[in-house]
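Peer 1: next input, structure requested:
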Amino acid sequence: MVSSASAPVVSAHREPRWYNYWGWGSGDMLGAGAQAVVTGWLLYFFTTFCNLSAAEAGLILGLPRLLEAITCPLIGYVSDNLRYTWIGRRIGRRKVFLIATIPLLPSFALIFVAGHSFTYYLLTFIFFEFVYTMFLIPWETLAAEMTNDYRKKAKFAGARMIVAQSSAILASYLPTLIISSLGGKDSPSTFLIMGAIFGAIFSLVVLLVVIFTWERPYTEAEMEVRSAPLDLKTALLIPVVMFRDLFSTLRIRAFRQHLSIYLGGYISQDIFNTAFPIFVVTVMMGATLIISQLLTIMYVAQLLSVMIAINIVIRTGPVVAYRIAISFFGAGLLLFLTFYYLRPVAFAADLGALDGNMLSALNPASATFSPALIFWLFVPILLAGLGRGTLNFVPWSVYNYLPDVDEAVTAQRREGIFAGVMTLVRKLAQSAAIICTGWIIDLGGYVSPKGGPAEAVQQTPQAIATITWLLILGPILVMLAGLIASWRFRLNAQTHNVLMAEIDHLRAGGTDPTSPEARAVVEDLSGWKYEQLWGQNPVTGGR
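Peer 2: Model prediction:
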């Protein structure tokens, strides 16, 4: 039991400084960096160097996410409820999880040890995914806790996405750098070195997050709360309460609409990331170096896209930015489809003449200069990158405002459970996308090499067609479904300001809206009548 006397003094309001934005944002070096490696390289690594089929590789990447149906909401629930315990007040209900992950993150390298069994890769990936989740959910809550200001939250999301795209550039370019620096070749050691480098970086950035962030300070009322002892009955009811809270988030209209934006943008990229390396080696006749350089170009474009998207979201809202992003990504995908049908004459020979250095094609004085080669190598991937960067930014710019909508409904702050639900939904969807992608590639007749580079195997026309159509149609259909579902999404700077004013009004004891316009805004975002707000609804069971 914790008394108010043992709790720290309530922190004064703190204004984020530039190093707080970037300190928190650096966490996405792990959040996005790990995912860039996993979705961009692991299926290729498993099928090329580990003697696994595409279906087996898809299962390894997908099955651990199913286990997180328990771990994601559990970590979010426990993190929220550590607020009134000794460890939560002394160390931090979020930071205690972050600190625990620091010595465990170098285990990332174990996934990239070639020559092991399906079981080995499955277990090492499950372990890393658990550690990754233990960091991700508490970390995601911190930006929503450090400020209530719409623009500042957008800056946090922008810093995060800039770091995310930078880490993705590193993930894509490291194989090229390792091969050129160490004089290596297309071999599994390239990926083992990359895994070890990232494992060390992950521990460092978590340390930076711990140093440069803070948790939401206690109110005077919260300071008086004592934590009840955990008896057997309470412990047994935790799963019931946890899943009740989990599903209650789906009763917030803005959150449901947000999930459609989130899944439409991210599942489309899961499909693309899984299929693209195989598309390059089977259709564009490239090897690891070419894949690495194409992904690097794409992630540089994503970085530029995020910088532009920050202003678009602040000025016009997320849905407009989402529509623009779909247009660019879709245009890039259609150009890849055009390439598949045209199969430009001499493309493979011209690509081989580059000797693994795509930039040499841009030099007019070089014998390898070719406008056609430049177009097909750079234009489709640049368009895809410009769209993908904004698709990445939009959902996480919106997430920081969703606990505010929830507070209007429940009179509670539940950042942890929202982060848990988002991560859970994301990983279950990602699991399904990767498993289905691997299964479809396998069903199409793709033959995995036996420990050698993928370009050494002659694939059938059916296998190549399956990979191509999966790469193109999968992302486009998912993005369009997300766009349709989110068409009436209304959360932006103006409506958020109205929402925050109404929350202050409700917190002060108000029961009627300050204006008809305010009523309309809050009811539209929450999906509840004004009279049912502030805990007077089935989400919280009334007060």
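Peer 1: contacts and neighbour counts: CA atoms only from here.
Peer 2: OK.
Peer 1: how near is residue 371 to residue 350?
Peer 2: 11 Å (CA to CA, to the nearest Å).
Peer 1: what about the longest helix in the protein?
Peer 2: helix 150-182 (DSSP state H).
Peer 1: show me what whichever helix or strand comes after that one is packed against.
Peer 2: Next helix or strand after helix 150-182 toward the C-terminus (DSSP states H and E): helix 188-212. Here helix 188-212 touches helix 18-25, helix 28-37, helix 43-49, helix 95-101, helix 150-182, going by 3 or more CA pairs under 8 Å, 6 or more residues apart in numbering; DSSP states H and E.
Peer 1: quick check: angle from helix 188-212 to helix 18-25?
Peer 2: 130 degrees (axes from the mean of the first three to the mean of the last three CA atoms, to 10 degrees).
Peer 1: would you mind giving the helices and strands packed on helix 188-212 as CSV with mean pLDDT, mean neighbour count and distance to residue 211 added?
Peer 2: Shown next, in CSV, are these (pLDDT from 0 to 100; neighbours: other CA atoms under 10 Å; distance: least, CA to CA, whole Å):
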stretch, mean pLDDT, mean neighbour count, distance to residue 211
helix 18-25, 92, 20, 8
helix 28-37, 84, 24, 15
helix 43-49, 85, 25, 35
helix 95-101, 93, 20, 10
helix 150-182, 81, 23, 16
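Peer 1: looking at these, which is closest to residue 530?
Peer 2: Closest approach to residue 530 among those is made by helix 150-182 (22.4 Å; CA to CA).
Peer 1: tell me how far the closest one lies from the chain's centre.
Peer 2: 12 Å (CA atoms, centre = their mean, to the nearest Å).
Peer 1: do stretch 433-442 as well
Peer 2: With CA atoms, centre = their mean, you get 20 Å for stretch 433-442.
Peer 1: as a markdown table, the helices and strands packed on helix 188-212 with distance to residue 258 would be great.
Peer 2: Shown next, in a markdown table, are the helices and strands packed on helix 188-212 (distance: least, CA to CA, whole Å):
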| stretch | distance to residue 258 |
| --- | --- |
| helix 18-25 | 21 |
| helix 28-37 | 19 |
| helix 43-49 | 29 |
| helix 95-101 | 26 |
| helix 150-182 | 15 |
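Peer 1: surely residue 310 and residue 153 touch.
Peer 2: No - taking CA atoms under 8 Å as the definition, residue 310 is not a contact partner of residue 153, at 10.8 Å.
Peer 1: just to revisit the earlier point, out of the helices and strands packed on helix 188-212, which is closest to residue 208?
Peer 2: helix 18-25 (5.8 Å).
Peer 1: circling back to that earlier point, among the helices and strands packed on helix 188-212, which is nearest residue 67?
Peer 2: helix 28-37 (17.3 Å).
Peer 1: who touches the closest one?
Peer 2: With contact meaning CA atoms under 8 Å, 6 or more residues apart in numbering, helix 28-37 is reached by 132, 136, 160-161, 163-168, 171-172, 198, 201-202, 205-206.
Peer 1: 6 Å - rerun?
Peer 2: 160, 164, 167-168, 171, 202 (CA atoms under 6 Å, 6 or more residues apart in numbering).
Peer 1: tell me the two of those residues that are most distant?
Peer 2: 160 and 171 (16.3 Å).
Peer 1: thinking again about what came up before, residue 371 and residue 350: who's more crowded?
Peer 2: Counted by other CA atoms under 10 Å, residue 371 and residue 350 do not tie: residue 350 has more neighbours, with 17 against 12.
Peer 1: can you give me the strands for the protein?
Peer 2: For the chain, no strands are identified by DSSP state E.
Peer 1: re the thing from before, so the longest helix of the chain versus helix 18-25, what angle?
Peer 2: 60 degrees.
Peer 1: quick one: list the elements packing against helix 150-182.
Peer 2: helix 18-25, helix 28-37, helix 288-316, helix 371-399 (3 or more CA pairs under 6 Å, 6 or more residues apart in numbering; DSSP states H and E).
Peer 1: could you redo the last one with a cut-off of 10 Å?
Peer 2: helix 18-25, helix 28-37, helix 118-146, helix 188-212, helix 288-316, helix 371-399, helix 493-507 (3 or more CA pairs under 10 Å, 6 or more residues apart in numbering; DSSP states H and E).
Peer 1: follow-up on the earlier one: do you know which of the helices and strands packed on helix 188-212 lies nearest residue 432?
Peer 2: Per CA to CA, nearest to residue 432 of the helices and strands packed on helix 188-212: helix 43-49, 14.4 Å.
Peer 1: determine how far the closest one lies from the middle of the whole chain.
Peer 2: On CA atoms, centre = their mean, the centre of helix 43-49 falls 22 Å from that of its chain.
Peer 1: dump it to PDB, keeping only the CA atoms.
Peer 2: The C-alpha trace of helix 43-49 is given here as PDB (Å, rounded to 0.1, in the frame of the first residue of the first chain):
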ATOM      1  CA  LEU A  43      11.800 -13.200 -45.400                       C
ATOM      2  CA  TYR A  44      14.600 -12.700 -48.000                       C
ATOM      3  CA  PHE A  45      17.300 -13.800 -45.500                       C
ATOM      4  CA  PHE A  46      15.300 -16.900 -44.400                       C
ATOM      5  CA  THR A  47      14.500 -18.000 -47.900                       C
ATOM      6  CA  THR A  48      17.900 -17.300 -49.400                       C
ATOM      7  CA  PHE A  49      20.300 -18.400 -46.600                       C
END
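Peer 1: which ones are touching residue 430?
Peer 2: Applying CA atoms under 10 Å, 6 or more residues apart in numbering to residue 430 gives the contacts 39, 61-62, 65-66, 263, 266-271, 424, 436.
Peer 1: next one: residue 303
Peer 2: By CA under 10 Å, 6+ apart, the neighbours of residue 303 are 161-169, 309, 385-386, 388-390.
Peer 1: hmm, 7 Å instead?
Peer 2: Applying CA atoms under 7 Å, 6 or more residues apart in numbering, we find residue 303 in contact with 162, 165-166, 389.
Peer 1: cool, and residue 410?
Peer 2: 533-535, 539-540.
Peer 1: just the residues you listed now: which is nearest residue 96?
Peer 2: residue 540 (27.5 Å).
Peer 1: okay, the closest one: pLDDT?
Peer 2: With respect to pLDDT, residue 540 scores 60.
Peer 1: now do residue 325
Peer 2: So residue 325 comes in at 94 (pLDDT).
Peer 1: thought it was touching residue 384?
Peer 2: No - the criterion here is CA atoms under 7 Å, and residue 325 misses it with residue 384 at 8.8 Å.
Peer 1: looking at the helices and strands packed on helix 150-182, which is nearest to residue 74?
Peer 2: helix 118-146 (9.9 Å).
Peer 1: how about that closest one: buried residues?
Peer 2: 118, 121-122, 124-146 (16 or more other CA atoms under 10 Å).
Peer 1: which strands and helices sit next to that helix?
Peer 2: Judged by 3 or more CA pairs under 7 Å, 6 or more residues apart in numbering; DSSP states H and E, helix 118-146 is in contact with helix 54-81, helix 95-101, helix 150-182, helix 415-443.
Peer 1: which stretch among those approaches residue 490 most closely?
Peer 2: Nearest of those (CA to CA): helix 150-182, 14.2 Å.
Peer 1: give me the below-cutoff pLDDT ranges for the stretch 1-150 of the chain.
Peer 2: 1-13, 69 (pLDDT under 70).
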